[in-house]
Structures are given as C-alpha cells and as structure tokens.
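Peer 1: Have a look at this prediction, sequence included:
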Amino acid sequence: MGKIHELTNILADQIAAGEVVERPASVVKELVENAIDAGSSQVDVEVEDGGLTKIRVIDNGEGIANDDVELAFKRHATSKILTKKDLFKIKTLGFRGEALPSIASVADVELETATNLTTGVKIKINGGQILERKMISRSQGTSITVANLFFNIPARLKYMKSVQTELAVISDIMNRLAIGNTQIAFSFSSNGKTLLQTAGNGNLQQTISAIYGVNNAKKMLHFSNEDLDFKISGFVSLPELTRASKNYISVLINGRYIKNYQLSTAIIKGYGSKLMVGRYPFAVVSIVLDPLLVDVNVHPTKQEVRISKEEQLCKLIKESIANRIAPENLIPDALKNI
Ligand code: ADP
Ligand code: MG
C-alpha cells in the first residue's frame, strides 16, 4: 500500500495561511483589499492590541450573495477571475481566492454580509470549521471580525512582535492603502483611538496630509509624466524634507501598493546628490500601465511584482523627479482645501 494521502482542506488552508497571513497586518491588508475590490466608498478598520486580539473591517461594498458565503471561504474560490486569460489582465487587488480560507483556518471569524438593503447572512467560523450560519437583517456591505489570530498555531503566535510593533506595521499598511485609494473614505482605530481618517474625495494631497501631517504635505510637489507605456504621477518632497528610512516612499501600480527595490531606487536617484547620505525623501509615485506589462502573481501577498520594461520605467521616474525638483521648478504647490 502507498504512503501518500491528500491533506484535509483545513490543513491545506493552514499551510497556505503560513504564506498569506504572516501577521495581523497581513489580515488587515487582505480584508481591506477585499473591501476595495467590492467597490466600497467607506471602509472602517478597528483593531485591538495590535490586531492580535481583534481586527474588524466594515465596508459598504457590494456584499456577498447568500449562496456564495460558504464558497468565499473555500480555497481557490474567487469571483475575480475565471479563465487563464483573466490572469494576465488583473484589475482587482485579489484574485487568488486564498485570503478568507487562510484567515478562517487560523482564527475565529465572524462575517456579516448583505447584497441588498434588507437581508443578509451571518456566519461564524473557528479554525476552519463553520459553527453557525443564519439569515440576519442588515444594510448592504460586509463586516468581518477576526479574533484570536493564530490561536491554533502556537509557533506562529510566539513569533509575533510586541503589540506596539504589530500596530505600527498595520498603520503602515493602512497608510499605503489610503494613499492608493483616495476615492475611499477610510477610518482606522486602535483600541478605540482614531489613528487615521481620510475624506475619500479623491484628493491625494489631502490624503498625504491626513497621513504625514499638513506641514509635510505642504513640502511636497506634484508631478506627472508619461511615455508610450507608462503614465506616472504623484507627489515628491522638497529635498529638504527627508527621513532616515525609506518607509516614506510609496509605489503604486494600477492602484496596488507594491514593494520594488528598483523603483524605490529610481525615486531616490531622481534626487541625485541633493540628499544627504542615509536620508530619503517622502514620495508617492503612482504608475498606470497596461496590466499585460505586470505580473502580480509572483508571491501570495501580491506585493512583489515583475514589470516588463522595468528599466524604461525607472528612467522615466528618475528623470521626472529630477526635473520636478530642479531649482527652477521648486515652487511648492499651494495647498488647496487643507
Ligand atoms: P480573492 O480576493 O482573491 O478573490 P478572498 O479569499 O480574499 O479571495 O475572497 C474570496 C471571495 O469572497 C472574493 O472573490 C469575493 O467574491 C468575496 N469577498 C470577500 N470579501 C468581500 C467583501 N468585503 N465584500 C464583497 N465580497 C467579498
Ligand atoms: Mg482577497
């Protein structure tokens, strides 16, 4: 008799969770991205104890249909792509159908959702097992609560940093999500204290101001440029406004916040010798390109991407920033409505 057997779904989900759900901030990212993909105009995020005790994301998006609720928690079940062709022109933040099953396999999850204004569904899942499901009355949208993350994965739980550190990582993700989605009104609170609130009126400079403060926002310059393949735009700080970390640089590709060493380096190179050693600018660089030119299916968290014509893009970014901060162009944009 052979030795090989298929893993149970729950165990397979827990293994996948190891990659998708590294820490509380990964849960926040996945849930907020789902809210964004659902077309929400308002997304409220509440965390307790750095997300280790509780994370709640409430949106007013399209909701999940009654018949789809259990499916949403199955691995590789998604409403966002159907065929291989779709994989090469991803317009949504999610598409792998991994987040909800992964999260539900390592936490207590309660989801309430409705696709219309009156009736919806409430489902409770613990460690991948459905405990309860009932019809409820609620307004359109989805509210999901994730409690006791990693309660059944002690090794992962032990690996968590302090509440303060986990909160800082969540805050950072929230800032980038807000920067990438200025049309959505976000609120973010930790143990009842509001840490971020954005207007959701599409104004990037106001969003930057809400995150980094009005004085820093005043020292940022708007730029935009394009070539045959790429459209880039955003804000870069005056060379005098710097920090000792690269954390204040955000790069978005088609609205998705990504991490890419080459692109961050291109931004820094745009400053030439104007930055002191070890100092980095504030920058938000938003790149719009044909989805065919970018592969987001590199890593389960989708923060790493592969870009075709990356060198050409780096050159465009570097030159556009160098030009924007050239002495003759250094007049900060007047801050409107802040
Ligand atoms: P993916 O986002 O990759 O499709 P997920 O596991 O994150 O996979 O979600 C599974 C499915 O559940 C989504 O494709 C979507 O149809 C639905 N869903 C999840 N969260 C929401 C939400 N907040 N609003 C509406 N639908 C949602
Ligand atoms: Mg998702």
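Peer 2: Arrived safely. Ligands and ions are numbered 1, 2, ... in the order given.

Peer 1: and the residue in the stretch 201-338 of the chain that ligand 1 sits nearest to, which of the three is it?
Peer 2: Nearest residue of the stretch 201-338 of the chain to ligand 1: Lys302, at 8.9 Å (CB to the nearest ligand atom). Heads up, the C-betas are built off the backbone N, CA and C, glycines and all. Under DSSP: H, G, I helix; E, B strand; the rest coil, Lys302 falls in the coil class.

Peer 1: my guess is it meets Arg256, correct?
Peer 2: Yes - because the distance of 7.0 Å satisfies CB atoms under 8 Å, Lys302 is recorded as touching Arg256.

Peer 1: Mutual contacts of these two, please.
Peer 2: Shared contacts of Lys302 and Arg256 (CB atoms under 8 Å, 6 or more residues apart in numbering): 93, 296.

Peer 1: Once you drop chain neighbours, what's closest to the residue of the stretch 201-338 of the chain closest to ligand 1?
Peer 2: In space, and not counting its chain neighbours, Lys302 is closest to Val296: 5.2 Å by CB to CB, 6 or more residues apart in numbering.

Peer 1: Just list the residues touching that neighbour, thanks.
Peer 2: Counted by CB under 8 Å, 6+ apart, Val296 has contacts 90, 95, 256, 302, 305.

Peer 1: Take those and write them to CSV, including neighbour count, distance to ligand 2 and secondary structure.
Peer 2: Below are the contacts of Val296 laid out as CSV (neighbours: other CB atoms under 10 Å; distance: CB to the ion, whole Å; DSSP: H, G, I helix; E, B strand; the rest coil):
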residue, neighbour count, distance to ligand 2, secondary structure
Ile90, 20, 12, coil
Phe95, 18, 8, coil
Arg256, 22, 12, strand
Lys302, 21, 9, coil
Val305, 20, 16, coil
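
Peer 1: okay, who's weakest in those residues by pLDDT?
Peer 2: Lowest pLDDT of the contacts of Val296: Lys302, 78.

Peer 1: That one: what's it in contact with?
Peer 2: By CB under 8 Å, 6+ apart, the neighbours of Lys302 are 93-94, 96, 256, 296.

Peer 1: which two in those residues are spaced the farthest apart?
Peer 2: Longest distance between any two of these is 13.4 Å, between Arg96 and Arg256; criterion CB to CB.
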